[in-house]
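**Student:** here is a sequence together with a model predicted from it:
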Amino acid sequence: MTAFVVGLTGGIGSGKSAAAELFAELGAAVVDTDAIAHELTAAQGAAMPAIRAAFGAAAVAADGSLDRAAMRKLVFADAAARHRLEAILHPLIRAGSADRCAAAPTPYAVLAVPLLVEAGGDYRRRVARVAVVDCREETQVARVMARSGLTRAQVWEIMATQASRAARRAAADDIIDNDGELAGLRPQVEDLHRRYLGLAALSYQS
Ligand code: ATP
């Protein structure tokens with residue numbers, strides 16, 4: 001049972017998943033809000049009855065999961081629809097991630113929240129520290145283009161909806177530099193892991 005939670009965040013393509021994997025390898029429990037959102041909207045997912053009620057059968061694929069392409073199109077064109085979807089999903093994601101962090105059988109848990117800085121105080125209040133995976137914006141663009149086949153302009157468009165690099169760095173307690181080779185991540189994550197074990201131990205004494 002752990003109460004010491006580290007929020008892990010970063011912009012699109014910054015390397016959050018790569019960093020989270022290293023924390024997990026070192027033995028930290030990793031709770032991923034994106035993964036929880038996927039579970040909630042899979043066939044039989046806990047959010048699907050409310051989504052069907054709010055958006056109708058057109059939002060649901062033949063297997064009962066969320067029709068992601070249809071929903072993406074809908075919320076892109078309609079801010080009210082996006083808010084309705086968020087009003088269904090966000091409380092379930094918050095509750096699910098809090099339960100998993102609390103139940104983690106490790107001294108501390110890493111809560112991966114891609115939009116932690118954008119969410120404002122909500123997630124900030126729930127974590128003891130914020131670790132930001134950071135790289136230059138050009139590096140993000142290059143990585144996302146290589147991974148997704150999106151154009152440069154499309155990637156910049158997504159990045160424009162996210163917090164700026166400066167805002168994210170300003171919100172960070174710890175910065176993980178991922179502008180260089182992937183091999184450079186491991187020693188930084190190892191250092192933080194040691195630091196978080198120490199801080200978690202102190203927090204249990206107080
Ligand atoms: P997203 O928010 O878009 O899911 P993310 O922040 O989780 O992204 P990753 O999926 O870890 O980022 O990394 C994005 C892409 O860049 C992946 O294809 C990954 O293999 C690659 N990548 C991550 N770090 C590095 C690095 N240091 N050098 C080269 N490639 C990297």
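**Tutor:** All right, it came through fine.
**Student:** the ligand contacts on the chain?
**Tutor:** Contact residues, the chain versus the ligand (CB under 6 Å from any ligand atom): 10, 12-18, 114, 143, 147, 178, 181-182. (Each C-beta comes from the backbone N, C-alpha and C, glycine too.)
**Student:** mind checking which of those residues are in helices?
**Tutor:** 16-18, 143, 147 (DSSP state H).
**Student:** of the residues you listed, closest to S203?
**Tutor:** K16 (23.9 Å; CB to CB).
**Student:** tell me, what residue is most central in this protein?
**Tutor:** The centroid of the chain falls nearest to V113 when counting by CA atoms, centre = their mean (2.5 Å).
**Student:** ok so, going back, among the residues of the chain next to the ligand, which pair sits farthest apart?
**Tutor:** The largest separation in these, counting by CB to CB, is between P114 and E181 at 22.9 Å.
**Student:** name the residues that touch the top helix by length along the chain?
**Tutor:** Ranked by number of residues, the top helix in the chain under DSSP H is helix 79-103. Helix 79-103 is contacted by residues 1-3, 5, 29, 31, 33, 36-37, 39-41, 46-47, 50-51, 54-55, 71, 74-75, 109, 111, 113, 122, 126 when judged by CB atoms under 8 Å, 6 or more residues apart in numbering.
**Student:** what is the next helix or strand after that helix packed up against?
**Tutor:** As assigned by DSSP states H and E, the chain's next helix or strand after helix 79-103 is strand 109-112. If contacts are counted by 3 or more CB pairs under 8 Å, 6 or more residues apart in numbering; DSSP states H and E, strand 109-112 sits against strand 5-9, helix 16-25, strand 29-32, helix 33-40, helix 79-103.
**Student:** can you list the buried residues in strand 109-112?
**Tutor:** By neighbour count with 16 or more other CB atoms under 10 Å, strand 109-112 contains the buried residues 109-112.
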